[in-house]
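A.B. asks: Pasting a predicted model and its sequence here:
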Amino acid sequence: MGATAEQSMSIGRVSERTGLSAHTLRFYEREGLFVEPIRRDTAGRRVFGEKEVGWLQVCARLRSSDMPLPDIRRYAELVRQGAGTEAERLELLRGHQARVERRARELRDSLDVIRFKVALYEEHFAAGSADTLWRDGPACAPAE
């Protein structure tokens with residue numbers, strides 16, 4: 001995943017491209033989340049290429065979907081190891097997919113409750129009875 005001269009990017013540019021802070025990029029490097037070591041220029045500054053940006057975009061999605069850092073690290077280790085690790089990589093991703101799908105169902109259920117409550121409040125506002133909501137506890141019947 002080395003960077004060529006024409007596609008080399010500074011940590012600031014990679015931060016802009018990925019939405020990850022420079023601090024996070026350094027942290028990811030320390031934590032071993034990159035597939036290959038990050039190159040350095042002659043001044044010792046990190047040099048990134050398009051492949052690193054692509055990898056970071058995947059990592060950012062995995063993190064934003066609550067994949068634990070140890071799992072991302074393990075995934076990166078397996079990718080580094082190469083051939084023969086595909087089944088374990090697939091299993092790791094399937095496990096995360098199942099967790100994300102479960103969370104998405106939970107969020108859809110929560111959204112259904114929120115939509116009902118919004119509709120209930122809108123109905124009560126229109127009827128001038130919004131002040132009665134929750135006065136007598138959670139049983140809020142729609143306004144007559």
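C.D. replies: Great, that's in hand.
A.B. asks: use CA for all of it now, contacts and neighbours both
C.D. replies: Noted.
A.B. asks: where's the most centrally placed residue in the chain relative to residue 20, distance?
C.D. replies: Geometric centre of the chain, nearest residue: residue 64, 1.3 Å, by CA atoms, centre = their mean. Computed with CA to CA, to the nearest Å, the distance linking residue 64 and residue 20 is 11 Å.
A.B. asks: Quick one: the strands in this structure, in order.
C.D. replies: Under the criterion DSSP state E, the chain contains strands at 39-40, 46-47.
A.B. asks: Packing partners of the last one?
C.D. replies: Using 3 or more CA pairs under 8 Å, 6 or more residues apart in numbering; DSSP states H and E as the contact criterion, the elements in contact with strand 46-47 are strand 39-40.
A.B. asks: Okay, now the sheet partners of the strand it packs on, with direction.
C.D. replies: strand 46-47 (antiparallel) (DSSP bridges).
A.B. asks: Show me what the longest helix seen in the chain packs onto, helices and strands only.
C.D. replies: Looking across the chain with DSSP state H, the single longest helix is helix 86-127. Packing contacts for helix 86-127, counted by 3+ CA pairs under 8 Å, 6+ apart, involve helix 69-81.
A.B. asks: picking that back up, export the strands of the chain to a markdown table and append columns for distance to residue 69 and mean neighbour count.
C.D. replies: What follows is those, written out as a markdown table (distance: least, CA to CA, whole Å; neighbours: other CA atoms under 10 Å):
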| stretch | distance to residue 69 | mean neighbour count |
| --- | --- | --- |
| strand 39-40 | 22 | 14 |
| strand 46-47 | 22 | 18 |
